Structure formats: structure tokens, C-alpha cells
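[1] coords below, sequence missing:
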């Protein structure tokens, strides 16, 4: 069995869920749409919009630099296909974890996930209080979201083999 | 709307389980009928992948919110696909207290 894909961290969901071509002679049906994954959208945003270099972008997404390059290549290819062939572009799917998606309720001290579509993010789903604020990783030592994977100065995503081996040696 | 709460045993006074995938029971609370039902977590003894299995079990029952002590990585990536809201409760509460909170 192949190793499962690492979870890609993305900062936020895109503002729109897709793009439609206009002015075309023949309107394409939804079936021939191009599906851009969330991680590909994020790679495009980091590399081409915010102009990070690939190394920094890969650290932000929690994947290795070569993986980011692959995601980015596939993203550009999909966007180009959609443009040249006049197809719809739909942004969805992918193995991602969204960074700014947790909200903390100050009354019952629970945390919950944002759901943009429903517009009820400002009331706590548990106690109904409106005393909520966005969860800030730095404020509370990031105990809720996955621990940062950068840990041994290896850059990007690291599985800590080096550190583990190093620790074992000390015990012996 | 149906809400699932992870529970340590199948009585109302039991505590909220801090683990999602490997808790013994789930409490299904229906906000419209104000009814509760205990269901056994079929995935609790699984070697691996208990979280996703339990999640699928709950989704097939029509659950829209899940309250638990914490969720694993696999669940966090699943929840947006199935339109389920995760609620993390770090403090110790009994099932009764949680349901009281839900009845705000």
C-alpha cells in the first residue's frame, strides 16, 4: 500500500467556488468542467498571487518543496486547459486542512468549525452565545490544530526520522 | 437537527468522552423532538481508521453536528465534504450538561 498523502494546510477557502466562461458559441455542459482542487488553488495563490518562492510556499502548506511544485504544475495546467478550451473551472475537493477555520466560544469554552455557507458563525452552536472570537493559534500555543510539522530544521514537511534516530542514540 | 455526542457509557450522567473515534457510545440528540438515543460505536475496537468509520456511521444517520473532546486529522479533512460541524469541548461535562447547553 502506498503511503497516504500528507494533509495540505490551506489558509482559507477560495471566495468563489468556480468560474464560468462567457461569450462562447457553444456552451459547454457541466460534465466537461475542470476540477481544481483546494490545494491547487492555494498553491496558485501562494506562488503566483502572493509571489512567495516555492520553498516558503511549501512550508506554509506543510508539504515538501517538490510536492508543492507538482501541485503547482497541475494547477497551472488545469487553469490553462479551462481557459484554452473554454471550459468551466470548479474549485473543490483535495486533501486539505483549513487553517483559519476554528472559532472559540468564550462562554462555554468550546471550539467549532466555520461554515461559510450558512452565515451562523457568530453564534456558538453549543450554547447559543454570541461571545465568540476567531481562534488564534499563536494566542493559545496552537494546542488545537495539528502541531507544526517543521521540527528539525529540515524545512518543509518532515517526518522527524532524523530527530528520532538522534534520540535513540542518546538512550543507548 | 441531529447532534451526536461522544459518551463514555450509556447513561445520561456519564461523561463526555475526550476521544471521538474510540468512544464507547454516541448519544444522538434530536433538537426538534428533544429525544435522546444511545448507539454503540461500532468502530471502537477497530485496529485503525476508527475515526472515519465512526464518522460514516454518524453521517448515515443524518447527524449534522458532533460534540467531542477532540478529533483526529482524518476527521478534520472529512467534515467539510459532508457538511458536518465539529464542536470541540475540552472541559469535563456530563451528557446531561451538554444537552442543557444545546437547549439554549
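    Structure received. Since the model is a prediction, treat every value here as computed from it, not as a measurement. Numbers count the residues shown, from 1 in each chain, chains lettered A, B, ... in the order given.

[2] use CA for all of it now, contacts and neighbours both
    Noted.

[3] Check which element follows the lengthiest helix in chain A along the chain.
    Of all segments of type helix in chain A, defined using DSSP state H, the longest is helix A:65-85. Following helix A:65-85 in sequence order, the next helix or strand is strand A:89-91 (DSSP states H and E).

[4] helices or strands up against that next one?
    strand A:18-19, strand A:34-36 (3 or more C-alpha pairs under 8 Å, 6 or more residues apart in numbering or on different chains; DSSP states H and E).

[5] ok, then the element right after that strand?
    Sequence order places strand A:96-98 as the next helix or strand after strand A:89-91, per DSSP H and E.

[6] outside of that following strand, which residues touch it?
    Here strand A:96-98 makes contact (C-alpha atoms under 8 Å, 6 or more residues apart in numbering or on different chains) with A:7, A:8, A:9, A:10, A:11, A:12, A:13, A:38, A:39, B:76, B:77.

[7] Break chain A down into its domains, please.
    Annotated domains of chain A cover A:8-94, A:100-134, A:145-172 [automatic domain parsing].

[8] now the ones you listed in TSV, with mean neighbour count and mean pLDDT?
    Formatted as TSV, those follow (neighbours: other C-alpha atoms under 10 Å in any protein chain shown; pLDDT from 0 to 100):
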stretch	mean neighbour count	mean pLDDT
domain A:8-94	17	88
domain A:100-134	18	75
domain A:145-172	13	46
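
[9] Next, format those as CSV and append distance to residue B:91.
    Below are these laid out as CSV (distance: least, C-alpha to C-alpha, whole Å):
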stretch, distance to residue B:91
domain A:8-94, 27
domain A:100-134, 8
domain A:145-172, 17
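
[10] and of the ones you listed, who's closest to residue B:29?
    domain A:100-134 (12.4 Å; C-alpha to C-alpha).

[11] Spell out the secondary structure type for residue B:10.
    Going by DSSP: H, G, I helix; E, B strand; the rest coil, the secondary structure assigned to residue B:10 is coil.

[12] Would you mind measuring from residue B:96 to residue A:133?
    Going from residue B:96 to residue A:133 by C-alpha to C-alpha, to the nearest Å gives 26 Å.

[13] In the chain, mark out all the strands, start to finish.
    Just going to use chain A. With DSSP state E as the criterion, chain A has strands at A:8-10, A:18-19, A:34-36, A:89-91, A:96-98, A:102-105, A:110-113, A:132-134.

[14] um, chain B though
    B:2-7, B:25-30, B:35-40, B:63-68, B:85-89.

[15] Brilliant, that's me finished.
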